[in-house]
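Visitor: Would you be able to build a 3D model of this:
(one chain, ligands or ions: 1)
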Amino acid sequence: MIREVLRFPDRRLKTPARPVRRPGAAARRLARDLEDTARSFPNTVGIAAPQIGELWRMAYVDCSGHPRVPDAQGPMWLVDPVLIAAEGAEVGREGCLSLPDITANVRRATRIEVRALDLDGAERRIRAEGFEARVILHEMDHLDGVLILDRVASLLLDVFPRVRRTRRR
Ligand SMILES: [Zn+2]
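Guide: Numbering: from 1, shown residues only. Now for the predicted structure:
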């Protein structure tokens with residue numbers, strides 16, 4: 001089901017989410033809603049549960065078809081993800097469904113390893129690089145109530161107005 005995406009400054013976006021621990025039917029429903037909602041927006045590579053008002057540590061990432069990720073790993077649902085290794089650093093431009101009017105320059109690690117549960121509760125290790133790593137880190141930030149505006153070096157120099165192509169609600 002396509003859900004409404006919360007926008008800054010909704011307080012729920014600034015609230016740390018709770019761990020899922022044992023994903024069951026509710027988590028699978030939420031996973032479907034995250035995918036449906038992400039896919040309802042053009043060029044969207046990820047969404048986190050708090051963005052649809054569900055304060056659980058769960059996110060959906062899919063960089064398939066993105067020009068900056070020729071070897072994308074396909075759709076992934078990250079449940080209780082934990083960053084266990086990170087290296088490199090690069091500043092790159094990011095957008096966010098919850099901040100539709102801006103993009104921002106954010107410094108992120110370039111290679112990461114994340115431990116997370118899948119929807120069956122099995123532990124998985126995910127390695128990612130470059131833009132796909134950036135997307136995963138962006139979505140993991142949402143689970144801690146951290147937005148790109150919290151990550152910029154300068155609110156004056158690193159935040160840019162976005163020209164909206166399609167009108168959203
Ligand atoms: Zn976001």
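Visitor: Okay, and Glu35 sits in which element?
Guide: Element membership of Glu35, judged by DSSP states H and E, is helix 25-39.
Visitor: Who are the packing partners of that helix?
Guide: If contacts are counted by 3 or more CB pairs under 8 Å, 6 or more residues apart in numbering; DSSP states H and E, helix 25-39 sits against strand 46-48, strand 58-61, strand 76-87. For the C-beta atoms, the positions are set from N, CA and C on the backbone; glycine is no exception.
Visitor: tell me what the longest one is packed against?
Guide: If I follow you right, that is strand 76-87. If you count contacts as 3+ CB pairs under 8 Å, 6+ apart, strand 76-87 packs onto helix 25-39, strand 58-61, strand 111-117, strand 123-129, helix 130-143.
Visitor: List the buried residues for that strand?
Guide: For strand 76-87, the neighbour count (16 or more other CB atoms under 10 Å) marks 76-81 as buried.
Visitor: and if you look at the shortest one?
Guide: Of the residues in strand 46-48, those buried under the neighbour-count criterion (16+ other CB under 10 Å) are 46-48.
Visitor: and the spatially most central residue of the chain, what pLDDT?
Guide: Centroid-nearest residue in the chain, with CA atoms, centre = their mean: Glu139, separated by 2.2 Å. Note on Glu139: pLDDT of 98.
Visitor: circling back to that earlier point, go through the helices and strands packed on strand 76-87 and name the closest to Asp101.
Guide: helix 130-143 (17.1 Å; CB to CB).
Visitor: picking up where we left off before, quick one: residues contacting the nearest residue to the residue nearest to the centre of the chain once chain neighbours are set aside.
Guide: Closest residue to Glu139 apart from its sequence neighbours, by CB to CB, 6 or more residues apart in numbering: Ala59 at 3.8 Å. By CB atoms under 8 Å, 6 or more residues apart in numbering, the contact list for Ala59 reads 34, 46-49, 77-78, 81, 136, 139-140, 142-143.
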